[in-house]
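Participant: A predicted structure for the sequence below; I have some questions about it.
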Amino acid sequence: MEMQKISNCIHNDDAVETGTPPEGETFLQHKDDGLNRPQFTDFEGKTSFGMSVFNLSNAIMGSGILGLAYAMSNTGMVLFLILLTCIACLSCYSIHLLLCSAGVVGIRAYEQLGQRAFGHPGKILAAVIITLHNIGAMSSYLFIVKYELPLVIQAFLGQTSITENWFMNGNYLIIIVTICIILPLATMKHLGYLGYTSGLSLSCMVFFLCAVIYKKFNIACPLETVYSNYSANAPISDDICFAKFFTINHETAYTIPILAFAFVCHPEVLPIYTELSNPTKRRMQTIGNVSILGMFIMYFFTAIFGYLTFYGYTEAELLHTYSKVDPLDTLILCVRLAVLVAVTLTVPVVLFPIRRAIMQLLFPEKPFHWLRHITIAVCLLFVVNLLVIFVPNIRDIFGITGATTAPTLIFILPGLFYIRIIPKNQEPMSSRPKIQAACFTTLGFIFMIMSLTFIGLDWMSGEN
């Protein structure tokens, strides 16, 4: 798929009228090569192009990939491809808006863009939204560890049921995983250092995709084992093993927000941009396009091969459907372990924007300090662990935060930043780019209202 080409950003040559210094005037220069290149931070970015792609792709990739086959079963292959393509292109455009806004005012922090656009309330709003959204994401990853890791250990030990041993208790396991794996990675000074772990995480998800493709050609339809788990009175239609190109049902409307949330990576874009070696807007936009294209390919192939394996009986969690076919399948057991590794290694990447948001709110003028850096990470992980351990059903909390923060980060804030920050003498409100940004922001409000409406209807009906 050819991604949407992004137009060149506007340079702030006339910034004197707006009181905003041109990009590059207020930043430190490279000290070793004598070139007059702008720097946005007090250190020279050293993260390579490839590592930046790994980090951004890992930020995009989430546990939602397990439900894409189910989403395709409720839309059909053609409609799903159309929706996935539209969301991917919109995500690229959203990154374009962020980079243009950051380039004009010389800022590479989401919260500072909020302050430049709307003053201190804008800074607080951006920081709070990033914090809520990423805490929800980290909690969802640790929930997977809590419920899946005991099953993996049980299978490796050859036990038929989970025992009362401490090493089979999910609450103990997430604490151990947090202390031994997540915390050391989260205390690294720069996000770029996580490029290697992000590469390993993506490799695990590629292994998951390969297993899905392999199983498509090794599981025949119809599946009596799967069908026997449904009600005996539920008839099996004659076309159950035929793929549908277009499908409209009561679950179809949920697919659009699900796909939109699958590409949320925008809080990580500017931190990755800050640590990029030889940073330019064009280079960072290319990183965004390559990352989204890679996730687009993985999402589509995972969805289509998962759907073509189980067709109308695809469940919301794809691995659970495979387990119904053969609970002791060694390959699926390895896939579960790979998914656990992937989500565990994603938590530190998601934590970095939260820590940066807190630093921007509480210590905006303070230099880097290791004690502050580590303390914030420990406190965040402590709060997330408490949520995962003591909240029995956090689905509604995630539903509300996901329906409000995700469209805000993808659509609403990037569009508003662009409208407010780009000088009116260069682009009036009647110009095409700002009209597009306004429509983009409106689309975000539509997504938010639609998602909240669906959640409200579920609450009133009492359905899951």
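Facilitator: Good, I have the coordinates. A quick note: this is a predicted structure, and the numbers were derived from the prediction, not measured.

Participant: all contacts plus neighbour counts: C-alpha atoms, from now on.
Facilitator: Will do.

Participant: for Ile256, which non-adjacent residue is closest in space?
Facilitator: Leu83 (7.1 Å; C-alpha to C-alpha, 6 or more residues apart in numbering).

Participant: and the gap between the one you found and Ala220?
Facilitator: 29 Å (C-alpha to C-alpha, to the nearest Å).

Participant: okay, those two: which has more neighbours?
Facilitator: With other C-alpha atoms under 10 Å as the criterion, Leu83 and Ala220 differ in neighbour count, and Leu83 comes out ahead with 15 against 12.

Participant: look up phi and psi at the more buried one.
Facilitator: The phi/psi pair for Leu83 (degrees, to the nearest 10) reads phi -70, psi -40.

Participant: how about the one 4 residues further on?
Facilitator: Backbone torsions for Ile87, taken as degrees, to the nearest 10, come to phi -70, psi -40.

Participant: dump the residue contacts of it.
Facilitator: Shown here is Ile87, whose contacts under the criterion C-alpha atoms under 8 Å, 6 or more residues apart in numbering are 259-260, 263.

Participant: which of those residues fall within helices?
Facilitator: Secondary structure from DSSP state H places 259-260 of the contacts of Ile87 in helices.

Participant: which of the contacts of Ile87 ranks first by neighbour count?
Facilitator: Each of those was scored by neighbour count (other C-alpha under 10 Å); the top score is that of Phe263, with 26 neighbours.

Participant: would you confirm that Ile213 contacts Phe305?
Facilitator: Yes: with contact defined as C-alpha atoms under 8 Å, Ile213 and Phe305 form a contacting pair (5.7 Å).

Participant: where's Ile422 relative to Thr405, distance?
Facilitator: Summarising the geometry, the distance separating Ile422 from Thr405, computed by C-alpha to C-alpha, is 24 Å.

Participant: equivalent analysis for Phe208, please.
Facilitator: Distance check for Phe208 against Thr405: by C-alpha to C-alpha, it reads 28 Å.

Participant: run the chain-centre distance for stretch 178-196.
Facilitator: Counting by C-alpha atoms, centre = their mean, to the nearest Å, stretch 178-196 is centred 18 Å from the centre of its parent chain.

Participant: swap that for stretch 438-456, please
Facilitator: Average the C-alpha atoms of stretch 438-456, do the same for its chain, and the two points are 18 Å apart (C-alpha atoms, centre = their mean).

Participant: repeat that for stretch 434-445.
Facilitator: Distance, centroid of stretch 434-445 to centroid of chain: 21 Å (C-alpha atoms, centre = their mean).

Participant: could you list the residues in contact with it?
Facilitator: The list of residues contacting stretch 434-445 from outside it, by C-alpha under 8 Å, 6+ apart, reads 97, 407-408, 410-416, 418-419, 427-429.

Participant: residues touching Val177, list them.
Facilitator: For Val177, the residues meeting the contact criterion (C-alpha under 8 Å, 6+ apart) are Thr344.

Participant: got the buried residues for the strand or helix carrying it?
Facilitator: Val177 belongs to helix 170-177 when assigned by DSSP states H and E. Of the residues in helix 170-177, those buried under the neighbour-count criterion (16 or more other C-alpha atoms under 10 Å) are 170-171, 173-175.

Participant: could you do stretch 51-68 as well?
Facilitator: Within stretch 51-68, the residues that qualify as buried are 51-68, counting by 16+ other C-alpha under 10 Å.

Participant: pLDDT on that stretch, on average?
Facilitator: Stretch 51-68 carries an average pLDDT of 82.

Participant: lowest-pLDDT helix or strand in the protein?
Facilitator: helix 224-227 (a mean of 52; mean pLDDT, DSSP states H and E).

Participant: what's the pLDDT at Ile181?
Facilitator: Looking at Ile181, its pLDDT reads 91.

Participant: quick check: Ile87 vs Ile446, distance?
Facilitator: If you measure Ile87 against Ile446 using C-alpha to C-alpha, the figure is 14 Å.

Participant: please apply the same query to His266.
Facilitator: If you measure His266 against Ile446 using C-alpha to C-alpha, the figure is 19 Å.

Participant: neighbour count winner among these two?
Facilitator: With neighbours defined as other C-alpha under 10 Å, His266 and Ile446 compare such that His266 has more, 24 against 13.

Participant: may I see the buried residues of the host helix or strand of Ile130?
Facilitator: With elements taken from DSSP H and E, the one containing Ile130 is helix 120-157. By neighbour count, and taking 16+ other C-alpha under 10 Å as the criterion, the buried residues in helix 120-157 are 122-155.

Participant: can you check what angle separates that helix from helix 170-177?
Facilitator: Note on geometry: by axes from the mean of the first three to the mean of the last three C-alpha atoms, to 10 degrees, helix 120-157 and helix 170-177 are set 110 degrees apart in direction.
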